[in-house]
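Novice: Provide a 3D model corresponding to the input given below.
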Amino acid sequence: MSKLCLTLVAVAVVSLSVGCSVPRAPISGSLYVDVKDNLQVNPGPLGPNKGEATASSIIGITTGDCSVTTAAANGKITEISHVDYHSWGIMGIFAKTTTVVYGK
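Specialist: From the prediction side, this is the model:
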């Protein structure tokens with residue numbers, strides 16, 4: 001009986017942990033996601049500089065900084081003209097989101 005309980009607990013833990021890595025996206029897919037979209041557009045031309053910041057997740061363990069502030073700092077941008085993002089994920093196991101900032 002204790003082996004059955006242990007097995008059920010193990011199955012429950014594995015079932016609940018799968019699907020925890022879901023990237024930000026305007027649409028979703030349960031098997032595969034690879035989407036680019038914009039977050040912000042200011043009037044005027046696209047800036048000449050580009051900065052990126054990335055956060056990743058593997059089985060629900062997430063690390064990184066994909067903030068607009070970090071992306072702008074990485075591109076040495078002080079005047080933001082446009083912000084995009086790229087999200088990628090596979091079956092809720094792996095996910096990555098990159099924020100891309102354009103400006104001067």
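Novice: in this structure, which spans are strands?
Specialist: Applying DSSP state E to the chain gives strands spanning 32-41, 49-58, 61-64, 80-90, 94-103.
Novice: Return the most buried member of these.
Specialist: Counting by mean count of other C-beta atoms under 10 Å, strand 94-103 has the highest mean neighbour count of those, with a mean of 22. Quick note: C-beta positions are derived from backbone N, CA and C, even for glycine.
Novice: helices and strands around that one, which ones?
Specialist: Here strand 94-103 touches strand 49-58, helix 68-74, strand 80-90, going by 3 or more C-beta pairs under 8 Å, 6 or more residues apart in numbering; DSSP states H and E.
Novice: who does that strand pair up with?
Specialist: Strand pairing for strand 94-103, determined by DSSP bridges: strand 49-58 (antiparallel), strand 80-90 (antiparallel).
Novice: how about these, which one is nearest residue 42?
Specialist: Shortest distance between residue 42 and these, using C-beta to C-beta, is found for strand 80-90: 5.3 Å.
Novice: pLDDT weak spots in the chain?
Specialist: For the chain, residues meeting the criterion pLDDT under 70 lie at 1, 5, 8-30.
Novice: now with 80?
Specialist: Residue ranges of the chain with pLDDT under 80: 1-30, 39-44, 60, 92.
Novice: picking that back up, output the helices and strands packed on strand 94-103 as TSV; include the columns distance to residue 33.
Specialist: Below are those laid out as TSV (distance: least, C-beta to C-beta, whole Å):
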stretch	distance to residue 33
strand 49-58	12
helix 68-74	20
strand 80-90	4
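Novice: Mind checking the ones you listed for the one nearest to residue 7?
Specialist: Nearest to residue 7, of the helices and strands packed on strand 94-103 and by C-beta to C-beta, is strand 49-58 at 25.1 Å.
Novice: Near residue 47, how many other residues are there?
Specialist: 18 (other C-beta atoms under 10 Å).
Novice: what's near enough to touch it?
Specialist: The neighbourhood of residue 47, defined by C-beta atoms under 8 Å, 6 or more residues apart in numbering, consists of 77, 79-82, 102-104.
Novice: please redo it, this time with the cut-off set to 6 Å
Specialist: Shown in contact with residue 47 (C-beta atoms under 6 Å, 6 or more residues apart in numbering): 81, 102-104.
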